[in-house]
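Q: Quick one, structure for this:
(one chain, ligands or ions: 1)
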Amino acid sequence: PPLVFSGIQPTGNLHLGNYLGAIKKFVALQDDHDCIFCVVDLHALTAQLVQDDLVSQTRQIAAAYLAAGIDAEKHIVFNQSRVAGHAELAWIFNCVARIGWMNRMTQFKDKAGKDRENASLGLLAYPSLMAADILLYRATHVPVGDDQKQHLELARDIATKFNNDFSARIAAAGLGVPMRMGEERVNGYFPLTEPLIEGPATRVMSLKDGAKKMSKSDPSDLSRINLTDDADTIARKIRKAKTDPLPLPDSVEGLSGRPEADNLVGIYAALADTTKAGVIAREGGRQFSEFKPALVDLAVEKLAPITDAMRRIMADPAEIDRVLKRGGERANEIAARTMGDVKRIVGLLDD
Ligand code: AQP
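A: Okay, here's the model as predicted:
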């Protein structure tokens, strides 16, 4: 059966890109799927080991999930480090994946910068832990932003190599599940997970530079809309957003080569649950001086209830912790079964 898994790192400054690229999709998927939504706190250590406020950042992501409308009774919401299976399976996957695969990851290259020798080993192995996050639950679908596409391909490569290398053991243990691998139907243990990257805002760009993605770590706060921003701040940031001097085009094709216009139209479309073409049909030909106030109104209308709910939820940290603990217990039931199977397949002595 389909199972959705996704996660967000508790690294501060949760922004509109995280909301439109990930959280909003989680909310839409939860009606028809079993879902597991994780706060991936172990990942937060890969870029910076000593964190000021990891506990409250972790609670903040959980609060955003709940404030956006994720039902933590029906689905599983927890923080990664509570379930030991993530780190255990990541170790096995470190031995499945090849160094060359990791070296090719664009996120590693971007985040390690020029001094690659000095990046943490965890930053290099990040995609292996991410594959473990997903495959620990044998999740079939992962809603993410476009920047995570390469990591999901790597998760498929890891699953494929594991299934192939251990195919005889998987079959002998009776743990094979029929699945499609390319053209063939084979028995494997781990599914080849599908990324869910759709819609008009899979890559929300910086408000200051249409060539850079909106990011938590951008030093300029004006580059992003934070989920904690109030209405005045949202209005100021959108008013100051970089644009070109032309009016909006009359067709979506006219957005190509105009990254800032394309970005604002994409944001509008995602917030309004429509397409870029739908926005252009209504707003095409308008000047930014007219379009930006309409975008401000829409963004405030959609984000203010979430910001308010986040604030209310954050006021009761004990309740957030209760949700995460209970979610961790439920996640661990699934994870422990997978780790039992994996130990049998790999040949690790266990009870
Ligand atoms: N700009 C974006 N547009 C659409 N989706 C985005 N996501 C991130 N940025 C955008 C999606 O949000 C989810 C959580 O991201 P993450 O916290 O796990 O890691 P990230 O991709 O490294 O996020 P940031 O915000 O950009 O942080 P930094 O500054 O550290 O690089 C993922 O589904 C991601 O695709």
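Q: switch to C-alpha atoms for all contacts and neighbour counts from now on
A: Will do.
Q: give me the element the nearest residue to Ala87 once chain neighbours are set aside is part of.
A: In space, Ala87 comes closest to Leu129 once its chain neighbours are excluded; the distance is 6.9 Å by C-alpha to C-alpha, 6 or more residues apart in numbering. Leu129 is part of helix 121-135, with elements assigned from DSSP states H and E.
Q: What is that helix packed up against?
A: Applying 3 or more C-alpha pairs under 8 Å, 6 or more residues apart in numbering; DSSP states H and E, we find helix 121-135 packed against helix 85-96, helix 99-103, helix 106-112, helix 149-165.
Q: Hmm, the residue nearest to Ala87 is touching Ala84, no?
A: No - here Leu129 lies out of contact with Ala84, judged by C-alpha atoms under 8 Å, at a distance of 11.8 Å.
Q: Give me the more crowded residue out of those two.
A: Applying other C-alpha atoms under 10 Å to Leu129 and Ala84 shows that Leu129 carries more neighbours, namely 25 against 13.
Q: Quickly note the distance from the more buried one to Ile345.
A: 19 Å (C-alpha to C-alpha, to the nearest Å).
Q: What of Trp91?
A: Distance from Trp91 to Ile345, by C-alpha to C-alpha: 15 Å.
Q: Compare neighbour counts for the two and give me the winner.
A: Per other C-alpha under 10 Å, whichever of Trp91 and Ile345 has more neighbours is Ile345, with 21 against 15.
Q: pretty sure that one is in a helix, no?
A: Yes - Ile345 sits within a helix when classified using DSSP: H, G, I helix; E, B strand; the rest coil.
Q: got the contact list for it?
A: Ile345 makes contact with 166, 169-170, 173, according to C-alpha atoms under 8 Å, 6 or more residues apart in numbering.
Q: Could you rerun that using 6 Å?
A: 169-170 (C-alpha atoms under 6 Å, 6 or more residues apart in numbering).
Q: Go through stretch 102-117 and flag the buried ones.
A: 102, 105, 107-109, 112 (16 or more other C-alpha atoms under 10 Å).
Q: Contacts for that stretch next, please.
A: With contact meaning C-alpha under 6 Å, 6+ apart, stretch 102-117 is reached by Ala119.
Q: Kindly report the same for stretch 319-328.
A: Under C-alpha under 6 Å, 6+ apart, the answer for stretch 319-328 is 76-78, 82.
Q: quick check, nearest of the residues you listed to Ser289?
A: Nearest to Ser289 out of the contacts of stretch 319-328 is Val77 (C-alpha to C-alpha; 41.4 Å).
Q: Are we agreed that that closest one is in a helix?
A: No - under three-state DSSP, Val77 sits outside any helix and is assigned strand.
Q: ok, now which ones touch it?
A: Here Val77 is in contact with 37-38, 327 (criterion: C-alpha under 6 Å, 6+ apart).
Q: Switch those over to JSON lines; also include pLDDT, distance to the ligand and secondary structure.
A: Formatted as JSON lines, the contacts of Val77 follow (pLDDT from 0 to 100; distance: C-alpha to the nearest ligand atom, whole Å; DSSP: H, G, I helix; E, B strand; the rest coil):
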{"residue": "Phe37", "pLDDT": "98", "distance to the ligand": "11", "secondary structure": "strand"}
{"residue": "Cys38", "pLDDT": "98", "distance to the ligand": "10", "secondary structure": "strand"}
{"residue": "Gly327", "pLDDT": "98", "distance to the ligand": "19", "secondary structure": "helix"}
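Q: how close does the spatially most central residue of the chain sit to Asp232?
A: Centroid-nearest residue in the chain: Val144, 4.3 Å away (criterion: C-alpha atoms, centre = their mean). Applying C-alpha to C-alpha, the value for Val144 to Asp232 is 29 Å.
Q: Name the residues of stretch 175-194 that are buried.
A: 175-176, 186-194.
Q: ditto for stretch 274-283
A: Of the residues in stretch 274-283, those buried (16+ other C-alpha under 10 Å) are 275-280, 283.
Q: Just the CA coordinates for it, please, in PDB.
A: Provided in PDB are the C-alpha atoms of stretch 274-283 (Å, rounded to 0.1, in the frame of the first residue of the first chain):
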ATOM      1  CA  THR A 274      -4.300  27.400  -9.200                       C
ATOM      2  CA  THR A 275      -1.700  27.300 -12.000                       C
ATOM      3  CA  LYS A 276       0.600  30.000 -13.300                       C
ATOM      4  CA  ALA A 277      -1.600  30.100 -16.400                       C
ATOM      5  CA  GLY A 278      -4.600  30.700 -14.200                       C
ATOM      6  CA  VAL A 279      -2.900  33.600 -12.500                       C
ATOM      7  CA  ILE A 280      -1.700  35.100 -15.900                       C
ATOM      8  CA  ALA A 281      -5.300  34.800 -17.200                       C
ATOM      9  CA  ARG A 282      -6.400  37.100 -14.400                       C
ATOM     10  CA  GLU A 283      -3.400  39.300 -13.800                       C
END
